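In: Sequence and predicted structure, then a few things I'm wondering about:
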Amino acid sequence: METSQPDAGPPPLGAAAPGLDADAGLAELHRSHYLSMVRVAFLLTRDAGRAEELVQDAFVDLYGRWSRLRDPEAAVAYLRQSVLNRARSSLRHLAVVRAHDARVTLRDVVSAESSALDRIHSAEVLASLAGLPTRQREVLVLRYYGQLSEAEIATTLGISAGAVKTHSFRGLRALRPVLGEQS
């Protein structure tokens, strides 16, 4: 291949030699700068896998732009800037994700005391429910845990809708002290 410049010796280490096609130029850049680019990306992101991915993406991007480079000698600087920009973008994205996760986590987490009280209350309700007559217990379990309608409960238990209402009323009245309701 002919170059437009007189032969001034080999190109600087890692620089793309003028006149090289994208394959040869990128191969030379990869050989001489890949590890240093990954080190830079790793030191910025603190994630080895992410660092390698950022550098590979920068090389792929440079490959696509190779024909538009005015100065192939500037390819190293372009690559370095591309890796730096990608690392910055990755860190910004990570900060947003972490902030979002923190908001969701803080909003959705209940205190240890609240959780313990809920478990105690739930245990008391279940113990009281176990002490109810069989039909009342079945009606309440199907209604509040099974989410069935009165008609569905009546069909399931083979009783009338009126009997479902009666058993439900009596069962809830018996559970009022545990549920914290006033009589």
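Out: Received it, and whenever you're ready, just let me know what you need.
In: From Ala99, how far out is Arg92?
Out: 11 Å (CB to CB, to the nearest Å). Where you see a C-beta, it was placed from the backbone N, CA and C, and this is true even at glycine.
In: and if you look at Ser32?
Out: 39 Å.
In: who has more neighbours, those two?
Out: Ser32 (14 against 10; other CB atoms under 10 Å).
In: Show the pLDDT at that one.
Out: On pLDDT, Ser32 comes in at 89.
In: so what are the domain limits for the chain?
Out: 22-108, 112-179 (automatic domain parsing).
In: Off-centre distance for the helix or strand containing Leu140?
Out: Here Leu140 sits within helix 134-140, counting by DSSP states H and E. Distance of helix 134-140 from its chain centroid, counting by CA atoms, centre = their mean, to the nearest Å, is 43 Å.
In: ok, and what's touching it?
Out: Residues outside helix 134-140 that contact it (CB atoms under 8 Å, 6 or more residues apart in numbering): 129-130, 132, 153, 157, 159, 164, 167-168, 170-172, 174-175.
In: how does it look with 7 Å?
Out: Taking contacts as CB atoms under 7 Å, 6 or more residues apart in numbering, the residues outside helix 134-140 that touch it are Leu129, Ile153, Leu157, Val164, His167, Ser168, Arg170, Gly171.
In: The helix or strand hosting Arg176: how far from the chain's middle?
Out: Counting by DSSP H and E, the element that carries Arg176 is helix 161-179. Put simply, helix 161-179 sits 44 Å off its chain's centre (CA atoms, centre = their mean).
In: Next: stretch 64-82.
Out: The answer for stretch 64-82 is 34 Å, by CA atoms, centre = their mean.
In: average pLDDT for stretch 158-173?
Out: For stretch 158-173, the mean pLDDT works out to 94.
In: send the alpha carbons of that stretch over as CSV?
Out: In CSV, the C-alpha atoms belonging to stretch 158-173 read as follows (Å, rounded to 0.1, in the frame of the first residue of the first chain):
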residue,chain,number,x,y,z
GLY,A,158,-73.1,-26.7,50.2
ILE,A,159,-74.9,-24.2,52.4
SER,A,160,-77.2,-21.2,51.7
ALA,A,161,-75.9,-17.6,51.2
GLY,A,162,-77.8,-16.7,54.4
ALA,A,163,-75.9,-19.3,56.4
VAL,A,164,-72.6,-17.9,55.0
LYS,A,165,-73.5,-14.5,56.3
THR,A,166,-74.5,-15.9,59.7
HIS,A,167,-71.3,-17.9,60.1
SER,A,168,-69.2,-15.0,58.9
PHE,A,169,-70.9,-12.6,61.3
ARG,A,170,-70.5,-14.9,64.3
GLY,A,171,-66.9,-15.8,63.4
LEU,A,172,-65.8,-12.1,63.1
ARG,A,173,-67.6,-11.3,66.4
